[in-house]
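Enquirer: please find the sequence and the predicted model below.
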Amino acid sequence: MRQSRALISEALRNLKNNMERTGDPLGLKNTYWTDWAEGLNLPKEGSIILFTSRMYQMMPYIIQTTDLISTFEPFLAMKGLSKVIQIGNRLAGEKIIRLKARGAKEIKEKGAKSLKGIVAALKASGVHPAYLYEAEPYSGVLLYDLGLDENIGCYIKKVYELLKNHGVEKVIATDPHTVYMLKVVYPKYIEGYDIEVKHYLEILSDNRDSLKRACDFIPREQFVIHDSCIMTRGLGIVEQTRDVASSLGIALLEPENTKLNTVCCGGPIEYAFADMSEKISTIRIKELYGVTKNIVVNCPICLINFSKYEKQLGLKVLDMGELLFEALKNQLESI
Amino acid sequence: MKGADRAKNTLLNEIIKCRACRFCVDTCATYQASEGVETMSAYGRLQSLRYLLMGTLDLDDSLVYSLYSCLQCKQCEIVCESKGQSLEICSIIQLGRSLLSQKLEKGESDAAI
């Protein structure tokens, strides 16, 4: 709780500054947002697009940024020192984050596998979306969550124009936070908003028979499902996750608090309040591994927050996208 | 009436719809993690925001912590709906943040609304 005001002020300034400088919430330029798609030969234009909003790709950077904030937190209330940190962050923050993120190979690989798995599953279901590669923007979810309203209105309009200029009519997003922004928040700021928005699990659930036929997978383990809060309570996507898992031959086990009563992973506040975030994730992870040590999630924020317990508690935490990757490996090799 | 005043009135009108049944308190993940601090629950946040808007409370560290640590997970909204009230609690807190964030971002020493 100490220095919360200084901490939030600094987070807001950094976020605004990063977005203005680079269009990226972490202030990163020319990173590997598109590396995961290498070799997939996805079309760069099309009326239906896959929209990652960099959420899976940002995972190693988010971990490093959170660590960096925790390191500087004790000094933020000291006026002179706070200024030095601000300048230091702008000059060296990006380099430190990049350098350290390079070491986070495991989480980077998990993100890439998840996205590849999603693409393979969509193709197996007869859906062939385009991908905007370097032109793909960030959804602006952090600006919205933190209440930077003066900035979010303009930003949303820019993203909408960009999508329209690329001829986009339908977006298939890979994470629930992006779906919530594009489906629920954007229409509040844009009159006549006319882009159809779906989560990939909705599409796969609608085409589950095709997915089932394409799968080459004999699951050997049982998995417990952790539903994302925004996915279930925000978007009403509950059974679709189970439908898709069932197509892969996996019967998901349910924890005590599940579906509409799922419990948050703590991820949304990790950017500023890491201690509180950890307390929340500890409560939830205990509930999950009480069922089984194999946990499956359907959101990159939950994936980051629970993956840190893999070594500590001997757990296996997988994203739905990673399960799809395992199930459709052979299909990916033929792409 | 200025935009900020309009937003303030809209927020107050929404917050006073809360019937203080407090069923949302126990379900809040931050309330559980803070071992029972009521300002870290949905009900507590609404009341903090209400008294901040009315000028009774100052925007200090504990209030910023309370308002900005909300996970926006909508657990409280499910309970609120089940009790027949259906307040959009997370949107109210997000709107409250939007009134504060412009001032906090500029580092204004008096960030009261």
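Expert: That came in fine, so what should we check first? Numbers count the residues shown, from 1 in each chain, chains lettered A, B, ... in the order given.
Enquirer: could you measure from the residue of chain A found nearest chain B over to B:Q102?
Expert: Taking Cβ to the nearest Cβ, chain B has its nearest neighbour within chain A at A:G147, 3.2 Å off. The way it works is simple: take the backbone N, C-alpha and C, and place the C-beta from them, glycine included. In this view, A:G147 and B:Q102 are 8 Å apart by Cβ to Cβ, to the nearest Å.
Enquirer: go on, A:P219?
Expert: Between A:P219 and B:Q102 the computed distance is 50 Å (Cβ to Cβ).
Enquirer: for the helix ranked longest in chain B, which positions count as buried?
Expert: Under DSSP state H, the helix in chain B containing the largest number of residues is helix B:89-105. The neighbour-count check on helix B:89-105 (16 or more other Cβ atoms under 10 Å in any protein chain shown) flags B:89-90, B:92-105 as buried.
Enquirer: please apply the same query to stretch A:232-251.
Expert: Going by 16+ other Cβ under 10 Å, stretch A:232-251 has these buried residues: A:232-235, A:237-238, A:240-248, A:250.
Enquirer: from the residues you listed, which are also near chain B?
Expert: A:R233, A:G234 (Cβ under 8 Å from any Cβ of the partner chain).
Enquirer: filter the buried residues of stretch A:232-251 down to the ones in helices?
Expert: A:Q240, A:T241, A:R242, A:D243, A:V244, A:A245, A:S246, A:S247.
Enquirer: can you tell me which helix or strand of chain A has the lowest average pLDDT?
Expert: Within chain A, confidence by mean pLDDT, DSSP states H and E is lowest for helix A:79-88 among all helices and strands, at a mean of 54.
Enquirer: where along the stretch 1-150 of chain A do the helices fall?
Expert: In the stretch 1-150 of chain A, the helices defined using DSSP state H, counting those that start in this stretch lie at A:4-22, A:59-72, A:79-88, A:94-103, A:105-124, A:141-145, A:149-165.
Enquirer: how about chain B?
Expert: For chain B, the helices defined by DSSP H cover B:3-15, B:23-27, B:29-33, B:42-53, B:61-68, B:75-82, B:89-105.
Enquirer: what about dumping the CA coordinates of the second one to CSV?
Expert: The C-alpha atoms that make up helix B:23-27 are tabulated as CSV, following Å, rounded to 0.1, in the frame of the first residue of the first chain:
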residue,chain,number,x,y,z
PHE,B,23,-22.8,-10.1,-0.2
CYS,B,24,-20.1,-9.0,-2.7
VAL,B,25,-17.6,-8.5,0.1
ASP,B,26,-16.6,-12.1,0.9
THR,B,27,-16.4,-13.1,-2.8
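Enquirer: which other helices and strands contact it?
Expert: The contact analysis (3 or more Cβ pairs under 8 Å, 6 or more residues apart in numbering or on different chains; DSSP states H and E) places helix B:23-27 against helix B:42-53, helix B:75-82.
Enquirer: do the fifth one as well
Expert: Helices and strands in packing contact with helix B:61-68 are listed as helix A:4-22, helix B:42-53, helix B:89-105; criterion 3+ Cβ pairs under 8 Å, 6+ apart.
Enquirer: and these as CSV, adding mean pLDDT and distance to A:Y186?
Expert: Output for the helices and strands packed on helix B:61-68, formatted as CSV (pLDDT from 0 to 100; distance: least, Cβ to Cβ, whole Å):
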stretch, mean pLDDT, distance to A:Y186
helix A:4-22, 89, 16
helix B:42-53, 97, 25
helix B:89-105, 92, 15
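Enquirer: any chance of JSON lines for these, columns distance to B:Q72?
Expert: Output for the helices and strands packed on helix B:61-68, formatted as JSON lines (distance: least, Cβ to Cβ, whole Å):
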{"stretch": "helix A:4-22", "distance to B:Q72": "15"}
{"stretch": "helix B:42-53", "distance to B:Q72": "11"}
{"stretch": "helix B:89-105", "distance to B:Q72": "5"}
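Enquirer: nearest to A:A121, of the ones you listed?
Expert: Closest approach to A:A121 among the helices and strands packed on helix B:61-68 (Cβ to Cβ): helix B:89-105, 30.8 Å.
Enquirer: what about the stretch 51-200 of chain A, any weak spots by pLDDT?
Expert: Applying pLDDT under 70 to the stretch 51-200 of chain A flags the ranges A:67-103.
Enquirer: could you redo the last one with a cut-off of 80?
Expert: A:64-104, A:150 (pLDDT under 80).
Enquirer: pull up the residues of it that are close to chain B.
Expert: A:Y144, A:D145, A:L146, A:G147, A:L148, A:D149, A:E150.
Enquirer: what's near enough to touch the nearest residue to the first one once chain neighbours are set aside?
Expert: Here the nearest residue to A:Y144 in space, its sequence neighbours aside, is A:I152; by Cβ to Cβ, 6 or more residues apart in numbering or on different chains that works out to 5.1 Å. Contacts for A:I152 were tallied using Cβ atoms under 8 Å, 6 or more residues apart in numbering or on different chains; they are A:G140, A:L143, A:Y144, A:Y189.
Enquirer: can I get these in JSON lines with neighbour count?
Expert: Output for the contacts of A:I152, formatted as JSON lines (neighbours: other Cβ atoms under 10 Å in any protein chain shown):
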{"residue": "A:G140", "neighbour count": "27"}
{"residue": "A:L143", "neighbour count": "25"}
{"residue": "A:Y144", "neighbour count": "26"}
{"residue": "A:Y189", "neighbour count": "17"}
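Enquirer: looking at the helices and strands packed on helix B:23-27, which is nearest to A:H166?
Expert: helix B:75-82 (34.9 Å).
Enquirer: and the closest one, what does it pack onto?
Expert: On a contact count with 3+ Cβ pairs under 8 Å, 6+ apart, helix B:75-82 meets helix B:23-27, helix B:42-53, helix B:89-105.
Enquirer: right, and A:L143 touches A:N151 too?
Expert: Yes. With contact defined as Cβ atoms under 8 Å, A:L143 and A:N151 form a contacting pair (5.5 Å).
Enquirer: so what sits against both of those two?
Expert: Taking Cβ under 8 Å, 6+ apart as the criterion, A:L143 and A:N151 both touch A:K16, A:M19.
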